[in-house]
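S.K.: what follows is a predicted protein model with its sequence.
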Amino acid sequence: MADIHATAVVDPRARVAPDVVIGPYCIVGPEVELDVGVRLASHVVIGGRTRIGEGTQIFPFACVGLRPQDLKYHGEASELVIGRENTIREYVTINPGTAGGGMITRIGDRCLFMVGVHVAHDCIIGDNVVMANNATLAGHVRVGDFVVLGGLSAVHQFVRIGKHAMVGGMSGVEHDVIPYGSVAGDRAHLSGLNIVGLKRRGFKRDEIHTLRNAYRLLFAREGTMTERLEDVTNLFRGPGPVSDIIEFIQAETSRAICQPRDGFDG
């Protein structure tokens, strides 16, 4: 049976796996599902239609799955789905989806959400994402695998952040961030590639060299973005990191692509 502290309030309709641990003063709502190995430390509140995957740990005073902070939400049966082996630290808030955003907020596996992180309604977050203390996502944000968001950073609604990108601390991100990119600033600008992250994750030297060449061409001062994108597409054919950037830029979006400040920033 699950290990549920005597002071915890767990609705009998909640689906709780046998080895789940629920600590003191936690509250678990009727439509919550806690998978194998989930650990709630203490004072955790989980509500709404929320599914939490195997091995996820949630620390004190986190509030997960409650009503979105969106005036357009009118009680629709939206969901929050959290994957496996995530770490959700103190005072984190994560909201479910809304009718205007596909009815779901989804988080992948092995993510780390540090103290005070906020994930708003209808966000889609990949695997192995790190959000440092007090990083904030507005509604409808898309975050790719292995992204790192620095402390106190804030991402505007509907922004996309490509995989393996890095967002510097205290940055305000208003525009889409290319995969493998690094952005920083009060109003974030593209400051180059996330070279440190790429090396840490085992990208080969020739892959990084190719990415650098493509980046320099793509964000050069000469020509238009459309012209430079066509040149990069012709020069760097085939699957790989450069193709990821090309597809990201070509995809439909409501936000502009984050650019280097004052032109090229190599």
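M.R.: Received it, and whenever you're ready, just let me know what you need. Numbers count the residues shown, from 1 in each chain.

S.K.: low pLDDT regions in the chain?
M.R.: 263-266 (pLDDT under 70).

S.K.: and it, what are its domains?
M.R.: 3-140, 199-250 (automatic domain parsing).

S.K.: pipe these into TSV and attach mean neighbour count and distance to Leu190 per row.
M.R.: C-betas here are computed from N, CA, C, even on glycine. Listed next are the domains of the chain as TSV, based on neighbours: other CB atoms under 10 Å; distance: least, CB to CB, whole Å:
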stretch	mean neighbour count	distance to Leu190
domain 3-140	19	19
domain 199-250	15	7
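
S.K.: now the ones you listed in CSV, with distance to Leu149?
M.R.: Converted to CSV, the domains of the chain look like this (distance: least, CB to CB, whole Å):
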stretch, distance to Leu149
domain 3-140, 4
domain 199-250, 16
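
S.K.: looking at these, which is nearest to Gly150?
M.R.: domain 3-140 (5.3 Å; CB to CB).

S.K.: where's that closest one relative to the chain centroid, distance-wise?
M.R.: Distance of domain 3-140 from the chain centroid (CA atoms, centre = their mean, to the nearest Å) equals 14 Å.

S.K.: got the end-to-end distance for that domain?
M.R.: End-to-end span of domain 3-140 (CA to CA, to the nearest Å): 36 Å.

S.K.: same check on stretch 78-93?
M.R.: 16 Å.

S.K.: try stretch 194-214
M.R.: Using CA to CA, first and last residues of stretch 194-214 are 14 Å apart.

S.K.: ditto for stretch 174-189
M.R.: Distance between the boundary residues of stretch 174-189 (CA to CA) amounts to 9 Å.

S.K.: quick thing: my sequence starts at 38, can you match it?
M.R.: Got it, the first residue is 38 from now on, which makes the last one we talked about stretch 211-226.

S.K.: can you list contacts of it?
M.R.: Identification of contacts with stretch 211-226 by CB atoms under 8 Å, 6 or more residues apart in numbering yields 181, 193, 196-205, 207-210, 227-232, 235, 248, 278, 281-282, 285-286, 290, 292-298, 302.

S.K.: one more pass at 6 Å, please.
M.R.: 193, 196-205, 208-210, 227-231, 278, 281-282, 285, 290, 292-295, 298 (CB atoms under 6 Å, 6 or more residues apart in numbering).

S.K.: stretch 61-79 too?
M.R.: 42, 44-48, 50-54, 57-60, 80-84, 86-97.

S.K.: ok, 7 Å please
M.R.: Under the contact criterion CB atoms under 7 Å, 6 or more residues apart in numbering, stretch 61-79 has outside partners 42, 44-48, 50-54, 56-60, 80-97, 102.

S.K.: show me what contacts Phe273?
M.R.: 247, 251, 279.

S.K.: ok, for the second one, nearest residue in space, not its chain neighbours?
M.R.: Put plainly, it is Ala251. Val279 (4.4 Å; CB to CB, 6 or more residues apart in numbering).

S.K.: what about Thr270, which helix or strand?
M.R.: helix 262-272 (DSSP states H and E).

S.K.: first vs last residue of stretch 224-239, how far apart are they?
M.R.: Taking CA to CA, stretch 224-239 runs 30 Å from one end to the other.

S.K.: was I right to think His201 contacts Phe183?
M.R.: Yes: His201 lies in contact with Phe183 (CB atoms under 7 Å); the separation is 4.8 Å.

S.K.: distance of the residue nearest to Gly188 when sequence neighbours are not counted from Phe256?
M.R.: With sequence-adjacent residues excluded and distances taken as CB to CB, 6+ apart, Gly188 is closest to Ala169, at 4.0 Å. According to CB to CB, to the nearest Å, Ala169 and Phe256 sit 26 Å apart.
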